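1. quick one, structure for this:
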Amino acid sequence: MKIMIALAAIAAATLTAGTASAGTMADVQARGKLNCGVTGGQAGFSAPDASGVWQGMDVAYCRAIAAAVLKDPKAVNFVPTTGQTRFTALASGEIDILSRTTTWTFSRDVDLKFTFAGINFYDGQGFMVPKTLGAKSAKDLNGATICIQTGTTTELNLAEYFRKNGMTYEPVPVENNADIAQKYLAGACDVYTSDGSDLASTRSSFKNPQDHIILPDVISKEPLAPLVRQGDDQWADVARWTLNALIEAEELGVTAENVEKLSTGTDNPEINRLLGKEGDLGQQLGLDAAWAKRAIAAEGNYGEIFAKNIGEKTPIGLSRGQNALWNQGGLMYPLPFR
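-> Sure, this is the predicted structure:
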C-alpha cells in the first residue's frame, strides 16, 4: 500500500509540474543554470573528483545540454539524488532533467509520466562477490545475504530471478551506492547486486579490487536513459537530440578537437547539417545553428565520453560491447539529422 501511495504522489506531482512548467527551456535560460539530477557518487557516471568537480558520462551529457541551451557547459547545477528521491525531484521541478543511470521501463514512462530521451547505455544486472565466497555463478548464491539499493528495478529483478530458480536469499536494503559498498566490504552481506556498470564502478574504488569478482550471469535488460517530465515536447526534443548529436558525431568522426574546423563547412552534408552550416535544425529546436557544435565541443562525442570515463583505459575498464556504434557491432544508432 505504501508503494502505491508513493507512486500516486509522484504521478500527481508530475502532472502538476508538467502543467505549471510548460516551458522548461525558457525556465532554464531565464535561470542561467541547468539543474541536473545525478547519483550521489558513482565513479564513471557521476561523482565529484578530488577537486570537487563533477565528472562522468551522465555529467558530460548534462554539460552538453547546457552548452547547447546556455552556450556554457559549466552552467550546470548538479543535484545528487538516490533511487528513492530521483523521481520526486524530477516530478516536482527541483531538477530539469534526470541523468542518473535510470532504467527505461513501461511504468516509469507511462504511469509516472516521464519522457525518456533515448538510451545512452545498455546494461544488465549482475552480481559481485568476494573471491573467498567461492561462487562461480548466480546459481551458487542460494541462501546468500544480498546488498541491494532500494527504489530500483534491481529489487524486482532479484526477487524474480531467485523465485524462478527456486532459490532463497536474505535482502540487505540500502538507499545509496556508497552505503552499499561500505556494508558489502564490512561483510554485512555476501553479495552486491546492481547493474554491471555499477558493479565495475564500485569495484574500481576498492583498495583491493582483485579480491572481488563479477559473476558472468546477466539476469536482466537495463536500458539506461536520461528523462524529463512529460508535457513539454520542446524540452524533450532538446534532451533527445542532444544525445543523438553526441552519437551522430562519433559516427561521422566529429570530435571535440576537430569540431571547430569542421563547423566552417565540409563536403559531407550530414556533418554540415549537424554543425549548423546547412539547414535550420537549430531553429526548429528553438536554438541557434551552433547548438550541436557546442554540445560536442563540451566533452567530445559519445565515444570520447565513454573512453574518458568508463573505457578500457580507465580503472573501471569497460569495453564498448553493446554500447558500440551500430556499424561496429553495437546497438548505438543515432537518429537521422534531416
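2. residues touching the closest residue to Thr132 other than its chain neighbours, list them.
-> Nearest non-adjacent residue to Thr132, counting by Cβ to Cβ, 6 or more residues apart in numbering: Asp211, 7.7 Å away. Where you see a C-beta, it was placed from the backbone N, CA and C, and this is true even at glycine. By Cβ atoms under 8 Å, 6 or more residues apart in numbering, the contact list for Asp211 reads Pro130, Lys131, Thr132.
3. what's the spacing between the helix or strand harbouring Ala47 and its chain's center?
-> Per DSSP states H and E: Ala47 is located in strand 47-48. Remark: strand 47-48 is offset 14 Å from the chain centroid, using Cα atoms, centre = their mean, to the nearest Å.
4. now do the contacts for Leu90.
-> Residues near Leu90 by Cβ under 8 Å, 6+ apart: Thr14, Gly37, Ile97, Leu98, Phe114, Leu227, Val228, Arg229.
5. and the strands in the stretch 51-200 of the chain, which stretches?
-> 54-55, 76-81, 97-98, 114-116, 121-123, 125-130, 144-149, 169-174, 191-195 (DSSP state E, counting those that start in this stretch).
6. please produce TSV containing those, extended by mean neighbour count.
-> Converted to TSV, the strands of the stretch 51-200 of the chain look like this (neighbours: other Cβ atoms under 10 Å):
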stretch	mean neighbour count
strand 54-55	19
strand 76-81	20
strand 97-98	28
strand 114-116	23
strand 121-123	20
strand 125-130	23
strand 144-149	20
strand 169-174	16
strand 191-195	26
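7. picking that back up, partner strands of the strand holding Ala47, parallel or antiparallel?
-> Partner strands and pairing direction for strand 47-48 (DSSP bridges) are strand 54-55 (antiparallel).
8. quick check on the residue lying closest to Asp198 once chain neighbours are set aside: phi, psi?
-> Nearest residue to Asp198 in three dimensions, chain neighbours excluded: Gln42, at 6.3 Å (Cβ to Cβ, 6+ apart). With angles defined as degrees, to the nearest 10, Gln42 sits at phi -130, psi 100.
9. was I right to think Lys221 contacts Ile119?
-> No - using Cβ atoms under 8 Å, Lys221 is not in contact with Ile119, being 10.5 Å away.
10. higher neighbour count, these two?
-> When Lys221 and Ile119 are compared on other Cβ atoms under 10 Å, the one with more neighbours turns out to be Ile119, at 21 against 14.
11. now the more buried one. Nearest residue, chain neighbours left out?
-> Pro223 (4.6 Å).
12. so that neighbour, which state does it fall into?
-> strand (DSSP: H, G, I helix; E, B strand; the rest coil).
13. burial check on it, number of neighbours?
-> Neighbours of Pro223 using other Cβ under 10 Å come to 18.
14. show me the contacts for it.
-> Contacts of Pro223 by Cβ under 8 Å, 6+ apart are Thr103, Trp104, Ile119, Phe121, Tyr122, Asp123.
15. and the second one, how far from Thr82?
-> Read that as Trp104. To Thr82, Trp104 is 19 Å away according to Cβ to Cβ, to the nearest Å.
16. swap in the fifth one?
-> According to Cβ to Cβ, Tyr122 and Thr82 sit 23 Å apart.
17. of the strands of the stretch 51-200 of the chain, which is nearest Lys207?
-> Among the strands of the stretch 51-200 of the chain, strand 125-130 comes nearest to Lys207, with 13.1 Å by Cβ to Cβ.
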